[in-house]
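>>> Could you work out the structure for the sequence below:
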Amino acid sequence: MLWVGALVLAPLLGAILVVGVLISVLQVATQVQEMTLAYVPKLIVAGLTLVLLGGWMLNRIMHFSRDLLLSIPSITH
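Numbers count the residues shown, from 1 in each chain. This next block holds a predicted model:
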């Protein structure tokens, strides 16, 4: 369960991490400390990542759930 969760969230968290680091470097270089400059690009990238990879994420979760439900009879014996 933890592995599937990490696998599904890794692309989203990775994209947000990369954008956050790039925005932080940009803020340090320009000395602009605007808070919205940090949040808005992360939200946009998170939304785009979910749109592009949402189907794959949902598919992985559905396969895990199906396999888990199908394994219930073997667990009870």
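
>>> Quick one, grab the pLDDT at the spatially most central residue of the chain.
Nearest to the geometric centre of the chain sits Leu12, at 2.3 Å (C-alpha atoms, centre = their mean). pLDDT, Leu12: 95.

>>> can you pull the contacts of it?
Leu12 is in contact with Ala46, Thr49, Leu50, Leu53, Met57, counting by C-beta atoms under 8 Å, 6 or more residues apart in numbering. In this view, the C-beta of every residue, glycine as well, is placed from N, C-alpha and C.

>>> Now the buried members of the residues you listed.
Thr49, Met57 (16 or more other C-beta atoms under 10 Å).

>>> Any chance of the contacts of Leu12 in a markdown table with distance to Thr76 and pLDDT as columns?
As requested, the contacts of Leu12 are arranged in a markdown table below (distance: C-beta to C-beta, whole Å; pLDDT from 0 to 100):
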| residue | distance to Thr76 | pLDDT |
| --- | --- | --- |
| Ala46 | 40 | 96 |
| Thr49 | 39 | 96 |
| Leu50 | 37 | 95 |
| Leu53 | 35 | 95 |
| Met57 | 30 | 96 |
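
>>> Can you pull out the low-pLDDT segments for the chain?
By pLDDT under 70, the low-scoring segments of the chain are 77.

>>> longest helix of it?
helix 35-70 (DSSP state H).

>>> neighbours around the closest residue to Met1 other than its chain neighbours, how many?
Leaving aside its sequence neighbours, Met1 sits nearest to Phe64 (C-beta to C-beta, 6 or more residues apart in numbering; 7.4 Å). If you count neighbours by other C-beta atoms under 10 Å, Phe64 ends up with 16.
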